[in-house]
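Enquirer: No sequence on hand, only this structure:
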């Protein structure tokens, strides 16, 4: 069974750094894109970006480019989402999701999801 | 950016009803369109990928069609467990989601 287990709720102050994690099992980690989707309270879904663990290739959505770093540890079968400097606008629930690729390059969709990590950034 | 617009924003239906959701893309996305269901407090769940392919384990009462800019998701006979919010997502150019359609059971 494919499982994505996410790290626990985080509360941070503006300006702090943060890394959240997504530990995977049940499939070959190296061979699937894995990434992050944000959901603001009561709102819709926003795609953050992804990493391909096999070669550490990454893709980011423009609003998140430069604000976050997505990485993968192949020895731990774990993906990460990192902020150097948090802002209150970074608050939300962050879901990790395994990505599959459709008929053409970069035609991503998400077949398995973690339960989400709530992040609150507030002074 | 490809904008995705879902309609209606919410709807209420009875068990046994046939329910249809609509998703429209701001430009041609071929069949790079996928549908998800999200229940309150839960993670999204993939229902349909590539416009019309049923994800493994999903009930066959869910069907979807469309290509280009207009897409539909249909529930043939609504069941109590089908409540939640339904999202479409395109992956022809980047990845973007629609704003969702909330489905309540009468």
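Expert: Everything's here; your move. For clarity, every value in this text was computed on a predicted model and none was experimentally measured. Numbering: from 1, shown residues only, chains lettered A, B, ... in the order given.

Enquirer: My read is that residue B:95 contacts residue B:89, right?
Expert: Yes: at 6.6 Å, residue B:95 and residue B:89 qualify as touching, with contact defined as Cβ atoms under 8 Å. (Glycine included, C-beta is placed from N, CA and C.)

Enquirer: any shared contact partners between these two?
Expert: Shared contacts of residue B:95 and residue B:89 (Cβ atoms under 8 Å, 6 or more residues apart in numbering or on different chains): residue A:47.

Enquirer: More neighbours: which of these two?
Expert: Each of residue B:95 and residue B:89 has its neighbours counted (other Cβ atoms under 10 Å in any protein chain shown); residue B:95 has more, 27 against 24.

Enquirer: which stretches of chain A aren't confidently modelled?
Expert: For chain A, not a single residue meets the criterion pLDDT under 70.

Enquirer: Would you mind listing what in it touches chain B?
Expert: Within chain A, the positions lying close to chain B (Cβ under 8 Å from any Cβ of the partner chain) are A:37, A:44-47, A:61-62, A:95, A:97, A:100, A:102-104, A:106-111, A:113-116.

Enquirer: For residue 21, grab the count of nearby residues.
Expert: Since no chain was named, I'll use chain A. 18.

Enquirer: oops, I was thinking of chain B
Expert: Residue B:21: 22 surrounding residues under other Cβ under 10 Å.

Enquirer: And it, how close does it get to residue A:81?
Expert: 30 Å (Cβ to Cβ, to the nearest Å).

Enquirer: And the residues of chain A next to chain B, which of them are buried?
Expert: A:37, A:44-47, A:61, A:95, A:97, A:100, A:102, A:106-111, A:113-114, A:116 (16 or more other Cβ atoms under 10 Å in any protein chain shown).

Enquirer: Would you confirm that residue A:30 contacts residue A:54?
Expert: Yes: counting by Cβ under 8 Å, residue A:30 touches residue A:54, with 4.3 Å between them.
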